[in-house]
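S.K.: What follows is a predicted protein model with its sequence.
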Amino acid sequence: MIKKVVLDANIFVSALLVSNSNAAQILDLARAGELELLISPGIFEEIARVLHYPKLQKRHRRTPQELQAFLKEFTEFATVVAGENKIEMVKADPDDDKYLACAAEGQADIIISGDRHLTDLGIFQGIRIASPKEFLDLVGKEDF
């Protein structure tokens with residue numbers, strides 16, 4: 001059974017920066033159709049914004065056209081949820097609430113994030129929250 005996942009923007013950034021990272025492996029699973037990637041307009045906007053930060057541009061060295069192609073790829077295989085749920089759960093970083101809202105709206109199985117504000121929650125409305133390494137360790141196990 002294909003699992004529905006929500007990925008934090010930092011997963012996309014890590015995948016772009018390090019091609020063999022855990023984050024890149026997770027995106028490869030989504031590209032291959034082994035995971036159903038859920039994304040909301042707010043998450044997509046954050047990914048686009050973060051990838052254009054000057055300090056990240058210096059690291060990834062992608063042209064605007066390459067970044068556009070990277071972003072467009074996800075619109076081709078991700079399931080876009082409306083992003084209309086309003087959740088106020090992450091007091092320390094309310095910007096992270098959009099990941100919880102997307103997961104709830106899309107009935108995700110798991111949220112994958114490197115952000116402590118999310119991973120410290122552990123679970124939200126029955127949806128597991130895991131780091132990329134924890135997720136990859138779970139893949140193929142019966143408890144996932």
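M.R.: Thanks, I have the structure now.

S.K.: Which parts of this protein are strands?
M.R.: For the chain, the strands defined by DSSP state E occupy 3-7, 35-39, 79-80, 110-112, 123-124, 127-130.

S.K.: By residue count, what's the longest helix in this protein?
M.R.: helix 64-77 (DSSP state H).

S.K.: Format the strands of the chain as CSV; extra columns: mean neighbour count and mean pLDDT.
M.R.: Every C-beta, even on glycine, is put in place using the N, C-alpha and C of the backbone. Putting these into CSV (neighbours: other CB atoms under 10 Å; pLDDT from 0 to 100) gives the following:
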stretch, mean neighbour count, mean pLDDT
strand 3-7, 23, 96
strand 35-39, 21, 96
strand 79-80, 14, 94
strand 110-112, 25, 97
strand 123-124, 15, 94
strand 127-130, 21, 95
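
S.K.: so can I have JSON lines of these showing distance to Thr63?
M.R.: As requested, those are exported to JSON lines (distance: least, CB to CB, whole Å):
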{"stretch": "strand 3-7", "distance to Thr63": "23"}
{"stretch": "strand 35-39", "distance to Thr63": "23"}
{"stretch": "strand 79-80", "distance to Thr63": "25"}
{"stretch": "strand 110-112", "distance to Thr63": "28"}
{"stretch": "strand 123-124", "distance to Thr63": "37"}
{"stretch": "strand 127-130", "distance to Thr63": "33"}
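
S.K.: circling back to that earlier point, check what contacts the longest helix of the chain and list those residues.
M.R.: Helix 64-77 is contacted by residues 12, 16, 30-31, 33, 37, 39, 44, 47-48, 51-52, 62 when judged by CB atoms under 8 Å, 6 or more residues apart in numbering.

S.K.: Pick out the residue closest to the middle of the chain.
M.R.: In the chain, the centroid-proximal residue (CA atoms, centre = their mean) is Leu7; its distance is 1.3 Å.

S.K.: If it is in a bridge, with which residues?
M.R.: Ile112 (DSSP bridges).

S.K.: Who are the contact partners of it?
M.R.: 23, 26-27, 30, 37, 39, 111-113.
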